[in-house]
Every structure is written in C-alpha cells, then in structure tokens.
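Asks: 3D, please:
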Amino acid sequence: MPTPHQKTRVLRFRAIWVPRLRHAFVFVAKVGFPRSQPNRVPQISLLGPGILATAALLVVLSGCKPVGPDYQRPVYVTPPIYKETGASNVTVPPPPPPAGGGWQPASPSDGMLKGKWWEIYNDPQLNKLEERIAAVNQGLHQALETYLAAREQVKIARSAFSPTLTAGPGFSHDKISAHRPLIVPGDNGVITQYNDLTLEGQASWEPDFWGQIRRTVESSRAAAQASNADMANVELSLESEMAEDYFNLRGLDLQKQLLDKDIEDLTNQLDLTKRRLAGGIGTESDVAQAQTQLDTTRAQLIDVGVARAEYEHAVGSIADYKLPYFSIPPTPLALEPDAAKPDSDLPKVPLGVPSQLLQRRPDIAAAERRAAQANAQIGVAVSAFYPTISLTGGGGFESTHGGTWIQGPSSLWSLGAQATQLLLDGGKRRAVTNQARDQFEASASGYKGVVFLAFNEVEDKLSDLRILEQEEMAERAAVADAQHSLDISNKRYKGGATTYLEVLTAEATLIQNQRTQATLRSRRYASSIELIRSLGGGWDASQIPK
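Replies: Numbering: from 1, shown residues only. Reported below is the predicted structural model:
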C-alpha cells in the first residue's frame with residue numbers, strides 16, 4: 001500500500017453530451033502528478049478534438065441567447081382625450097395636426113410640470129416646507145434605503161458572472177495507525193508520523209450557457225427600478241400631502257378671518273340691542289338672542305383653531321420639525337381672485353395628453369417594472385431544464401518540510417469540468433415554470449389595473465375642479481345675497497319694522513355661506529394638488545436609473 005508520500009493523483013476523463021447541440025461533446029480531464037515523484041512532468045490527454053476545440057465550444061456556448069421569453073411591455077390602449085376638462089385652471093393641449101398638415105406640434109412634454117411642481121403656487125412658505133422633505137423626512141429616507149438595497153441586489157446577481165477564487169495555507173501533523181489494515185509485518189521502516197504543509201488556491205466558474213444569470217440580473221435590475229419608482233411615489237405623496245395640508249390650514253385661516261369680522265359685527269349688534277333695551281324700544285329677548293349668536297360664533301372660531309392646530313402638526317411632522325417650536329403664521333387664502341395679485345387664484349395646471357400618463361406616474365412605472373421582473377423569472381425557471389456546467393481549477397504547493405515548501409517540485413495543480421443534468425424531479429421544474437408564467441400574467445394584469453385606476457383618478461380630479469369652480473361661483477352669489485338680506489334686516493330692525501329674530505336669521509345665513517365659500521376655496525386648492533399628484537407631479541419615467 002502506498003505511503004502518504006507515494007499518493008498519486010488520478011487522471012480521469014469524462015465525456016458530456018450537450019443537449020440540442022449536434023455532434024458536440026465537452027471532454028473533462030483531471031490531471032496531476034505523483035506526489036512521490038516531484039520531478040515527473042504531468043501528462044495531459046483528452047478524448048476528442050483537444051483543449052482548443054473544447055475552449056472554443058465553451059466560449060460559443062457562453063454567448064448563447066438566454067432561454068425564456070424576451071420582455072414585451074403589456075399593451076394598454078390609452079384614450080385619445082380626457083373627458084372632464086372644463087375647469088378654467090386646467091390647460092388642455094391643442095388638438096393633433098390635421099392629416100397632411102404642414103406644421104408639427106412642439107414636444108408634448110414642453111408644457112408639462114417638471115421638478116418642483118409646487119412652485120406654480122408662488123408661495124415662499126410652501127416652497128421652504130417642500131424643499132425640506134427630501135433632506136429630513138424619515139419615510140422618504142426609508143424608501144431610499146430600500147431602493148439602495150435593491151440596487152445592491154443587482155450587483156449580487158452580476159457577481160455570478162465571475163469565477164470564485166479561494167486561497168489559504170494549511171498545516172497538519174499526522175500519525176498513521178500501526179495496526180491499520182493490510183500492514184506488512186516486520187516493516188519497521190514505515191513512517192507513521194509526518195507534517196503536511198500546504199498553500200493552495202481553488203477557482204470555480206459556472207458559465208452562463210443558458211442565460212440563467214443574465215435573466216437573474218435582468219430580474220434584479222427591474223426590481224431595483226421598481227423600487228426607485230416606489231421611492232418617487234412616496235416622495236410625490238409626501239409633497240402633495242404637504243401642499244394639501246398647508247392650503248387646508250390657509251383655508252382655515254380664511255375662515256378665522258371671516259369669523260373674526262363676524263364677531264366684531266355681532267358685538268356691535270349686541271351693543272345696539274342693549275342700547276335699544278335701555279332706551280325702552282328693545283326687549284330682553286333681543287339682547288339674549290344677540291348674545292347667543294355672538295357666543296355661538298365664538299365657539300365656531302375655537303373649533304376652527306382645533307382643526308388648524310392639527311394641520312399645523314401634520315405639516316410640521318412631514319417636514320420633521322420639532323413641534324413644540326414649530327408654527328406657521330396666519331396666512332389666509334384670498335376669498336376671491338384679485339387681478340393685482342397673481343397668486344390670489346389657482347394656478348394653471350398643464351394637463352398633457354392621456355398617453356403621457358403612462359410615463360409620468362411613478363406607480364405605473366413601478367407596476368410595469370415588476371411585470372418585467374416577473375418575465376425575467378420565467379427564463380430563470382426555464383434554465384433549470386438545462387444542465388449545470390461548472391469549471392474548476394486549483395493549484396499550490398505542498399511539502400513535509402518548510403524549507404522545500406515554496407519550490408517548483410512542490411507545486412501541484414488540477415483542472416476539471418463537470419456537467420449535471422437533473423433527470424427526474426416529479427414535475428417540479430415544469431410547475432415552477434408554469435408558476436413563473438402565471439405570476440407574469442398576474443403582474444401584467446396588475447399593471448393594466450394600475451393604469452386604469454390612474455385614468456379614473458385623473459378624471460375624478462378634473463371633474464372635482466370643474467364642479468367645485470361652478471359651486472364656488474354659485475356660493476359667491478349666495479354670500480352677496482345673504483349680505484344684502486342682512487343689510488335690509490338691520491335697516492328694518494333699526495327702524496322698528498321687524499324683530500331681532502329676522503336680523504338673527506340673516507346673520508346666521510351669512511356666516512354659514514361665508515364659511516361654505518371659504519371651504520370651497522380650500523377644496524379647490526386641494527383638488528388642484530390632487531390633480532397634479534394624479535398626473536405624476538414633475539416626475540417622468542426617464543428619471544429611473546438604467
């Protein structure tokens with residue numbers, strides 16, 4: 001029996017048939033030399049055309065087209081126009097040029113919102129709050145870190161293209177049993193203890209013959225792009241929520257301004273009823289009614305303060321301010337547009353054409369990228385039907401003494417290749433492939449569903465703006481009528497032609513209509529912001545990293 005110094009590495013050959021490639025064999029050889037004969041030159045022999053032909057075949061195979069279907073974006077036919085475009089603050093693009101016309105329209109995206117969309121409201125306080133979100137908001141930071149993690153997954157997937165290398169020294173002191181089987185009796189010269197010093201490196205590589213790695217990278221890249229679009233969607237939601245809360249707060253400031261004026265008028269009315277009572281021409285009932293109306297209006301003013309504080313807290317939380325030290329000074333909205341103040345009315349919102357919505361909404365882009373991710377997984381599943389081919393190699397030095405460790409005669413090396421084909425798995429691969437196809441169909445349907453809901457949302461916000469504008473115009477007339485009715489009732493009361501109940505009713509009607517008008521003003525601002533969000537803000541799909 002050979003001693004450890006006489007162990008010889010075995011030369012083995014293997015022939016592997018590559019499916020679907022006619023007359024193609026990959027020949028595998030493991031080569032080496034006897035450790036007990038360090039001066040012997042190792043011999044290499046291959047069955048077949050030789051090393052160069054085998055290497056050429058591997059190169060050709062590694063460039064094969066990946067298995068599985070190439071991605072095609074799910075088809076969604078967009079409507080040619082939007083239905084609800086009657087609001088005055090919505091800019092509708094011109095109609096397409098006539099057939100055979102001699103002019104061409106400018107780029108449809110020229111008039112679209114870009115970047116800091118909130119600047120169209122010309123509000124410095126809002127600009128300051130919005131620009132703070134990107135730097136401090138923790139929800140957005142969480143979405144950013146999620147995207148960065150997904151981007152690293154792409155690098156992890158790409159690492160499979162490269163071979164893996166390991167290296168390291170080793171030392172052992174071994175003793176062989178003197179009572180081991182097949183020992184030669186009387187052989188006292190056998191060495192039973194020895195040192196084994198090694199310094200070896202190993203390399204392995206699985207060429208991407210069938211595209212499994214390429215499809216995995218494709219899937220990971222699409223997932224990272226979807227995560228980037230998710231981050232943009234979070235940012236857009238935070239920006240729009242900030243603007244909506246801010247303008248709701250300013251709408252409450254408008255209500256407070258109106259109620260303060262009403263309280264001043266009601267205080268004067270109470271003084272009037274008291275003077276009339278003192279003069280003998282009024283009644284205690286008039287004074288009590290005037291006092292009740294004044295107290296009721298003061299209670300309404302307090303209630304406005306409660307809602308305003310909540311909106312102020314919401315704004316401060318989104319901008320990550322320390323709430324005990326954060327406040328927004330009263331900035332009432334303009335009750336009616338003023339030609340001398342461009343920012344006293346709603347800004348114009350460029351609508352664009354419906355087909356642009358597919359590129360402008362980050363949630364649509366995220367759903368489309370997830371469909372691409374699911375499609376790539378089909379290729380990953382299909383690649384399991386093909387053999388797994390791996391190439392290995394190793395080399396280094398080995399000796400029993402440190403003085404001869406790192407020397408040419410102590411060198412060793414080996415090369416090898418192996419192909420493994422799964423023959424029977426109980427239908428698992430077919431089920432996994434069918435599952436991947438079903439998941440792609442589900443993702444494609446999900447993408448179409450997101451698009452459908454997006455168009456529905458845009459139409460909702462357009463109709464909200466159109467109807468609220470009409471309602472505000474009607475309410476403005478109602479306020480004017482209520483003010484005229486109160487003026488008449490005051491004159492009649494002062495002239496003794498009616499009781500204070502008529503004045504009280506007219507005052508209550510005016511206050512209610514004024515608050516309704518202020519509420520409609522806030523709702524129009526909120527609807528314009530929601531429309532911008534529905535259109536994707538200033539974002540478009542070109543911002544997704546490639």
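Asks: OK, contacts around E475?
Replies: Contact analysis of E475 by C-beta atoms under 8 Å, 6 or more residues apart in numbering lists 513, 516-517, 520. For every residue, glycine as well, the C-beta is placed using N, CA and C.
Asks: pretty sure it sits in a helix.
Replies: Yes: E475: assigned to a helix according to DSSP: H, G, I helix; E, B strand; the rest coil.
Asks: please identify which helix or strand holds the residue lying closest to it once chain neighbours are set aside.
Replies: When the adjacent residues along the chain are set aside, E475 lies closest to Q517, with 4.6 Å between them (C-beta to C-beta, 6 or more residues apart in numbering). Q517 belongs to helix 500-534 when assigned by DSSP states H and E.
Asks: strands of the stretch 351-500 of the chain, residue ranges please.
Replies: Along the stretch 351-500 of the chain, the stretches classed as strands by DSSP state E, counting those that start in this stretch are 388-399, 411-420.
Asks: before we move on, back to that, can you check the pLDDT for the residue nearest to E475?
Replies: We have a pLDDT of 94 for Q517.
Asks: run a quick check on it versus V479, I expect a contact.
Replies: Yes: proximity of Q517 to V479 meets the contact threshold set by C-beta atoms under 8 Å, at 5.4 Å.
Asks: buried set for the helix holding Q517?
Replies: Within helix 500-534, the residues that qualify as buried are 500, 502-504, 506-511, 513-534, counting by 16 or more other C-beta atoms under 10 Å.
Asks: so what does it touch, helix or strand wise?
Replies: helix 212-278, helix 284-318, strand 349-350, helix 428-494 (3 or more C-beta pairs under 8 Å, 6 or more residues apart in numbering; DSSP states H and E).
Asks: these: which one's closest to F397?
Replies: With C-beta to C-beta as the criterion, F397 lies closest to helix 212-278 of those, at 33.2 Å.
Asks: quick check, pLDDT for the residue nearest to A442 when sequence neighbours are not counted.
Replies: In space, and not counting its chain neighbours, A442 is closest to A374: 7.6 Å by C-beta to C-beta, 6+ apart. In the prediction, the pLDDT value recorded for A374 is 97.
Asks: repeat that for the one 4 residues further on.
Replies: The per-residue pLDDT reported for I378 equals 96.
Asks: same question, K428
Replies: For K428, the model assigns a pLDDT of 94.
Asks: quick one: the strands in the stretch 101-250 of the chain?
Replies: 164-175, 193-205.
Asks: can you check which of the ones you listed gets nearest to A307?
Replies: Of all these, it is strand 164-175 that lies closest to A307, at 62.4 Å by C-beta to C-beta.
Asks: which one is the residue nearest the centre of the chain nearest to, not counting chain neighbours?
Replies: When the chain is reduced to its mean C-alpha position, the nearest residue by C-alpha atoms, centre = their mean turns out to be D230, at 1.0 Å. If you skip the residues right next to it in sequence, D230 has A366 as its closest partner in space, 5.2 Å away by C-beta to C-beta, 6+ apart.
Asks: so what's that neighbour up against?
Replies: Remark: with contacts taken as C-beta under 8 Å, 6+ apart, A366 is in contact with 226-227, 229-230, 233.
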